[in-house]
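Novice: Attaching a predicted model along with its sequence, questions to come.
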Amino acid sequence: MMKCIQSLSILFVFTGLFSCSSSTGEETSQSGLSAGEVLQRSLQFHDPQDKWPGAALHFVIDEPRIQNPGRLSEVFLNNTEGTFSINRRYGNTLVTRGIIRDSCYNLVDSVLVSPEDTAMMRLHRLECERTQGYRGFYQLLNGMPMSLHAPEVNLLPETVEDTFAGRKTLQITARFNDPVMSEEWVFYFAPDNYQLLGYGYAAEGAGEYIRLDGLVLIDDMKLPRMRHWYSQANGAYLGSDIYVIVKEL
């Protein structure tokens, strides 16, 4: 993961997305379940066979943004082998960033770029730390809520009954001891089946929150099909991540 990144909000800026914050309703009462129990029930809904740690998947993601409505990313992620690559077109130029275990590589229009070609590296921002940031971002968010079941994640014990995007939810708070996501975040789950509905940065103030919509069924997993981004300040829509293709490698 990127050592220079101290929070996921910084990572979103780094990857051309957004800064992060949460959008919550008013807290009403304490739930009878602990945060750990809510998460375990959500894992049973999203990944009952514990497939995510060994998943090897190919994603094509439509990522419209207000300033870039045509953005499309093709992502290859293998959690077992530690490999990752992302293809994204910038104008007429196709840029590939990849990692094989801890070694980074880059291609521009399918031609391998030497790390010594500093002009090309600077032009397309091909630093290894940046590629590691992309891997951390897609591995983290594509794997929600399974990403919460990790040694670097500390759940605050209490569960709160709350409102998110007009729905009654169970809210838990997680603190990430990780350079990619080192702040407190809140997560919202449906109280009937414990499906993850959304999440955001726990700190008050300006930022964005993420609302999930739909599910993709792949290898006994139920992954969120769409992530919609909104401004906490005024509720304005900012962009989406829409999974056009999800298939096993």
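Specialist: Structure's in. What do you need?

Novice: can you give me the helices in this structure?
Specialist: Along the chain, the segments classed as helices by DSSP state H run 8-14, 35-46, 118-124, 128-142.

Novice: Which one, of the ones you listed, ends up nearest to Gln67?
Specialist: Among the helices of the chain, helix 8-14 comes nearest to Gln67, with 13.2 Å by C-beta to C-beta. Glycine gets a C-beta too; all of them are placed from N, C-alpha and C.

Novice: mean confidence for that closest one?
Specialist: Across helix 8-14, pLDDT averages out at 45.

Novice: likewise stretch 210-229?
Specialist: Mean pLDDT, stretch 210-229: 97.

Novice: before we move on, what about stretch 93-104?
Specialist: 95.

Novice: Quick one: residues in contact with it.
Specialist: 76, 81-89, 105-110, 124, 126, 128, 130-132, 134-135 (C-beta atoms under 8 Å, 6 or more residues apart in numbering).

Novice: ok, and the closest non-adjacent residue to Asn193?
Specialist: Of all residues not flanking Asn193 in the chain, Phe45 sits nearest, at 5.5 Å (C-beta to C-beta, 6 or more residues apart in numbering).

Novice: my read: that neighbour touches Pro191, true?
Specialist: No. Using C-beta atoms under 8 Å as the test, Phe45 is too far from Pro191 to be in contact (12.0 Å).

Novice: which regions of this structure lie under the pLDDT threshold?
Specialist: Scanning the chain with the threshold set as pLDDT under 70 gives 1-31, 178-182, 204-207.

Novice: mind checking how far the residue nearest in space to the middle of it is from Arg89?
Specialist: Against the mean C-alpha coordinate of the chain, by C-alpha atoms, centre = their mean, the closest residue is Leu141 at 1.9 Å. Distance of Leu141 to Arg89, computed by C-beta to C-beta, to the nearest Å: 21 Å.

Novice: Kindly report the same for Arg130.
Specialist: Arg130 sits 17 Å away from Arg89, going by C-beta to C-beta.

Novice: Return the residues in contact with the residue nearest to the centre of the chain.
Specialist: Counting by C-beta under 8 Å, 6+ apart, Leu141 has contacts Ser147, Arg227, Asp241.

Novice: measure it to Ile210 for me?
Specialist: Remark: distance between Leu141 and Ile210 (C-beta to C-beta) = 8 Å.

Novice: okay, and the common contacts of those two?
Specialist: Arg227.

Novice: Can I get the helices of the chain in a markdown table including distance to Thr159?
Specialist: As requested, the helices of the chain are arranged in a markdown table below (distance: least, C-beta to C-beta, whole Å):
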| stretch | distance to Thr159 |
| --- | --- |
| helix 8-14 | 22 |
| helix 35-46 | 5 |
| helix 118-124 | 45 |
| helix 128-142 | 22 |
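
Novice: buried set for stretch 118-128?
Specialist: Buried residues in stretch 118-128, counted by 16 or more other C-beta atoms under 10 Å: Met121, His124, Leu126, Glu127, Cys128.

Novice: Just flag the most distant two among those.
Specialist: Pairwise distances across the buried residues of stretch 118-128 (C-beta to C-beta) peak at 13.0 Å, for the pair His124 and Cys128.

Novice: follow-up on the earlier one: so for Val246, which of the helices of the chain sits nearest?
Specialist: Using C-beta to C-beta, the nearest of the helices of the chain to Val246 is helix 128-142, at 8.9 Å.

Novice: just how off-centre is the closest one within its chain?
Specialist: Remark: helix 128-142 is offset 9 Å from the chain centroid, using C-alpha atoms, centre = their mean, to the nearest Å.

Novice: returning to what we had before: among the contacts of stretch 93-104, which ones are buried?
Specialist: Buried by 16+ other C-beta under 10 Å: 76, 83-88, 105-108, 124, 126, 128, 130-132, 134-135, out of the contacts of stretch 93-104.
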